[in-house]
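1. sequence plus predicted model, see below.
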Amino acid sequence: MLVVGEVDTGLLRGRDLASGDDGRRLVDLVAGERVLVSTRPRAYVRSPQRPVGVDCELDGLRRHTRGIGTVMQRAAIVDGAVVQGSAYATVVRADGSSRRPWSHYLSRPGVVETIGKVNPDTLADSLANPDRKPDTLDLGAVARRITGEVQASARGGGTDTLRAARSQLRWVARIDDRVELAQVRFTLHDRRLRLLRLTTSYAIAPRLAAVCEDVALHDWLVSTLIENVRKASIGIASRAETLDRLRPAIDHILHLWMPATGGDELGEKLWAVLERHAGFSRQWEALSHRIRDQLSVGLATAALSTAMPR
């Protein structure tokens, strides 16, 4: 069995930091379903989940495995500043070899059944492949679609001062009851796409998705801060110009670093592995200290300039 998903992460555009009520409105995407609201330890609002029907090829490497069922789609706004769209599904072998009525698949939300020859290792490789073939399962498109809905509802607000590219995390979890957590691989494919693969006994798809959404959020934060520090031209531009370029990151994202806040054991163990190998927090701390050093020097220089006699 596989649990697979993609997360689209970006800056909430077109308005200042959303208030709690405003954020709740933006992700209220399913009539009659409640929006999940959290204030501690991190503030976020999350839309109800909704199923999206799929009927397509799964194995883009060999193209002999058809998947039919539904994937779950949801959106969240984190601390009023970051929007995430997420799509995920549990992939299981069908009981038979023929397609069943849609009522069968709708009765199993978030499950995609495979028809045809299935090699779990090959299928996992295909679903994690950065080069998705046409007409195969595209969870990234499902995730981007719901992010787009939230962004469209948020238009018409304040002026954006922070510039940040969107990022995509594609994840594949191989479920193995014998292994608590193993074979964790996190890869930066390019400036936008990240790949995460793991083997685990943890088969609860919504919680796996939440853990991967947390990884996607913090990867986006690091990537955004790297780009903002680069554009600040520290040591090249004037101190005042550098601080002016860094100010949007200071105002909007520097306080958002808080990995593994979900309170589940899998998230804590996954983050321990990622910290050892990818060094998320080490890189974030180095960047944060560099920004704060620039701010401290700028404030000290301004104070000395004010204190000097004219």
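-> Sure, I can see it. Because the structure is predicted, anything quoted here is derived from the model rather than measured.

2. quick one: mean pLDDT for the host helix or strand of Thr122?
-> Assigning secondary structure by DSSP states H and E places Thr122 in helix 120-127. The average pLDDT for helix 120-127 rounds to 88.

3. who touches it?
-> Helix 120-127 is contacted from outside by 1-2, 4, 58-62, 65, 91, 114, 136-137, 170, 172, 174, 197, using C-beta atoms under 8 Å, 6 or more residues apart in numbering. Where you see a C-beta, it was placed from the backbone N, CA and C, and this is true even at glycine.

4. mind listing what's buried in that helix?
-> Judged by neighbour count using 16 or more other C-beta atoms under 10 Å, the buried positions of helix 120-127 are Leu123, Ala124, Ser126, Leu127.

5. pick the one among those closest to Trp257.
-> Leu127 (29.8 Å; C-beta to C-beta).

6. on that earlier part again, can you give me the buried ones in the following helix or strand past the helix holding Thr122?
-> Per DSSP H and E, the first helix or strand lying C-terminal to helix 120-127 is helix 139-154. By neighbour count with 16+ other C-beta under 10 Å, helix 139-154 contains the buried residues Leu139, Gly140, Val142, Ala143, Arg144, Ile146, Thr147, Glu149, Val150, Gln151, Ala154.

7. wait, which of those residues is closest to Trp220?
-> Distance to Trp220, by C-beta to C-beta, is smallest for Thr147 among those, at 12.1 Å.

8. got a list of what that closest one touches?
-> Contacts of Thr147 by C-beta under 8 Å, 6+ apart are Asp8, Gly10, Ala75, Val83, Gln84, Gly85, Arg166.

9. can you count the residues close to the fifth one?
-> Right, the one you point to is Gln84. 27 (other C-beta atoms under 10 Å).

10. show me the beta-bridge partners of it.
-> Thr9, Ala76 (DSSP bridges).

11. now do it against Leu243, distance only.
-> 30 Å (C-beta to C-beta, to the nearest Å).

12. quick one, helices of the stretch 151-300 of the chain?
-> Secondary structure of the stretch 151-300 of the chain (DSSP state H, counting those that start in this stretch): helices at 205-231, 239-252, 265-277, 280-307.

13. can you tell me how far Val118 is from Val91?
-> Distance from Val118 to Val91, by C-beta to C-beta: 9 Å.

14. more neighbours, the two?
-> Set Val118 next to Val91 and count neighbours by other C-beta under 10 Å: Val91 wins out with 25 against 19.

15. what sits closest to that one if chain neighbours are left out?
-> Leu2 (4.3 Å; C-beta to C-beta, 6 or more residues apart in numbering).

16. what about the one you found, how many neighbours?
-> There are 20 residues near Leu2, going by other C-beta under 10 Å.

17. do Ile115 as well
-> 19.

18. also Ser296?
-> Neighbours around Ser296, by other C-beta under 10 Å: 10.

19. any idea how this structure splits into domains?
-> Listed by automatic domain parsing, the domain ranges of the chain are 2-204, 223-307.

20. where does this protein dip in pLDDT?
-> 14-22, 60-63, 155-160, 298-310 (pLDDT under 70).

21. can you tell me which residues contact the spatially most central residue of it?
-> For the chain, the residue nearest the mean C-alpha position is Ala216 (3.2 Å; C-alpha atoms, centre = their mean). Taking C-beta under 8 Å, 6+ apart, we find Ala216 in contact with Val7, Thr9, Gln84, Ser167, Leu169, Arg194.

22. ok, of the residues you listed, which come out buried?
-> Counted by 16+ other C-beta under 10 Å, the contacts of Ala216 give Val7, Thr9, Gln84, Ser167, Leu169, Arg194 as buried.

23. quick one: which two of the residues you listed are the most distant?
-> Using C-beta to C-beta, the buried ones among the contacts of Ala216 span at most 13.4 Å, a distance reached by Gln84 and Arg194.

24. then stretch 142-153 to PDB, C-alphas only?
-> The C-alpha coordinates for stretch 142-153 follow below in PDB (Å, rounded to 0.1, in the frame of the first residue of the first chain):
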ATOM      1  CA  VAL A 142      -5.300  19.200  -7.700                       C
ATOM      2  CA  ALA A 143      -3.300  20.900  -5.000                       C
ATOM      3  CA  ARG A 144      -2.700  24.000  -7.100                       C
ATOM      4  CA  ARG A 145      -6.400  24.200  -8.000                       C
ATOM      5  CA  ILE A 146      -7.500  24.700  -4.400                       C
ATOM      6  CA  THR A 147      -4.700  27.100  -3.700                       C
ATOM      7  CA  GLY A 148      -5.900  29.100  -6.700                       C
ATOM      8  CA  GLU A 149      -9.400  29.200  -5.200                       C
ATOM      9  CA  VAL A 150      -8.100  30.700  -2.000                       C
ATOM     10  CA  GLN A 151      -5.900  33.200  -3.800                       C
ATOM     11  CA  ALA A 152      -8.800  34.300  -6.000                       C
ATOM     12  CA  SER A 153     -10.900  35.000  -3.000                       C
END
